[in-house]
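Asks: Just need the structure, nothing else, for what follows:
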Amino acid sequence: MKDTIKQLQEGIKNTIIGQEELVESLIIGLIAEGNILLEGLPGLAKTRAVKALSKVMEIQMNRVQFTPDLLPSDITGTEIYNPESETTFDFKQGPIFCNLVLADEINRAPAKVQSALLEAMEEHQVTVAGKTYLMDPLFMVIATQNPVEQEGTYPLPEAQLDRFMMKINLDYLTPEQEELMLKMVRGEEVTEKKEISKIDKQFVFDARKQVSNIHVSEEVNQYIIRLIDASRHPEKYSDSLGKYITFGASPRGTIALDKTARCYAYMQDRDYVTIDDIRLVAHRVLRHRIALTYQTNVDKLQADDIVTELLNAVPIS
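Replies: From the prediction side, this is the model:
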């Protein structure tokens, strides 16, 4: 399995430079059946990485560009009148019926459209006109949003943010990575794209079974619980943290932290989770689940700073 993981990582890295956390998180999300929120400025390879993942896995991907005039039925599908049908109306599937849904600039659509994704993300099914339609067993929503441009946007409510297993913040490449990126793009313009070894999607289902058997010790289990408790009751662990956190992670965050850490351990070819695994994935799992007070803006702190403070405040044993 480790060779397949490496093959999958290399397949994605063949088309993007840098963004190690993004590549790793896409694979974790695929195995852990989790949805991912990507936040970053335009042009940071968000769409490119998702397309690369779909090509390597040979799975169907649909991209939906969210706009203010989008309707829920534009995503889920709708019933169309058919006089020749016995039931009069036929259901026409929307773009959400695929393996990978790229919800581009999700914060540009109003709440009604954003919420159209909720049932599919949580239950892997869509209900239209009282009828339920199941999604493919291999289904994942990857949403993107621009952190800077706020005009004409609708911020995601906390209830919907919580349904994303991880939030990945993307930053600019280093000058060295920028140089490699230019060489790669120029090479793509003048040469044929090299054939990438494909991975059968059965690998994902096999990996999910193995991840469910990854051992989590009582020590690690208690560390997860303490970390989540610290996000809810920060004053118990640190005198300064209390003024920065309004409310902490939900039980869904606890489950996400556990599953993400087990997937990370699996990718490292281990059958057990360590506390270091928890600490490595904590930022991507918790950064969007902690509501911050106005004081964080005054002190020029970000969600990642608060998660770092949580990790420093919570005792390992």
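
Asks: When you work out contacts or count neighbours from here on, use the C-alpha atoms and nothing else.
Replies: Will do.

Asks: And the helices in the stretch 151-300 of the chain, which stretches?
Replies: Secondary structure of the stretch 151-300 of the chain by DSSP state H, counting those that start in this stretch: the helices cover 158-161, 175-190, 202-211, 218-232, 251-267, 275-286, 294-298.

Asks: Where in this structure is the helix or strand with the lowest mean pLDDT?
Replies: helix 175-190 (a mean of 82; mean pLDDT, DSSP states H and E).

Asks: With distance to Glu84 as extra columns, can I get the helices of the stretch 151-300 of the chain in a markdown table?
Replies: As requested, the helices of the stretch 151-300 of the chain are exported to a markdown table (distance: least, C-alpha to C-alpha, whole Å):
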| stretch | distance to Glu84 |
| --- | --- |
| helix 158-161 | 40 |
| helix 175-190 | 49 |
| helix 202-211 | 39 |
| helix 218-232 | 56 |
| helix 251-267 | 46 |
| helix 275-286 | 50 |
| helix 294-298 | 60 |
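
Asks: follow-up on the earlier one: in the least confident helix or strand of the chain, what counts as buried?
Replies: By neighbour count on 16 or more other C-alpha atoms under 10 Å, the buried set for helix 175-190 is Leu180, Met181.

Asks: and for it, what are the contacting residues?
Replies: Thr15, Ile16, Ile17, Gly18 (C-alpha atoms under 8 Å, 6 or more residues apart in numbering).

Asks: chain center to it: distance?
Replies: Distance of helix 175-190 from its chain centroid, counting by C-alpha atoms, centre = their mean, to the nearest Å, is 27 Å.

Asks: Count the neighbours of the closest residue to Thr296 other than its chain neighbours for me.
Replies: The shortest distance from Thr296 to any non-neighbouring residue, by C-alpha to C-alpha, 6 or more residues apart in numbering, is to Tyr244 (5.7 Å). Tyr244 has 20 neighbouring residues, counting by other C-alpha atoms under 10 Å.

Asks: Each with direction, which strands does the helix or strand encompassing Val141 pair with?
Replies: Element membership for Val141, per DSSP states H and E: strand 140-145. Applying DSSP bridges, strand 140-145 is found paired with strand 36-39 (parallel), strand 100-104 (parallel).

Asks: So for it, what gets flagged as buried?
Replies: Buried-residue list, strand 140-145, by 16+ other C-alpha under 10 Å: Met140, Val141, Ile142, Ala143, Thr144, Gln145.

Asks: Could you do stretch 250-263 as well?
Replies: Ser250, Gly253, Thr254, Ala256, Leu257, Asp258, Lys259, Thr260, Ala261, Arg262, Cys263.
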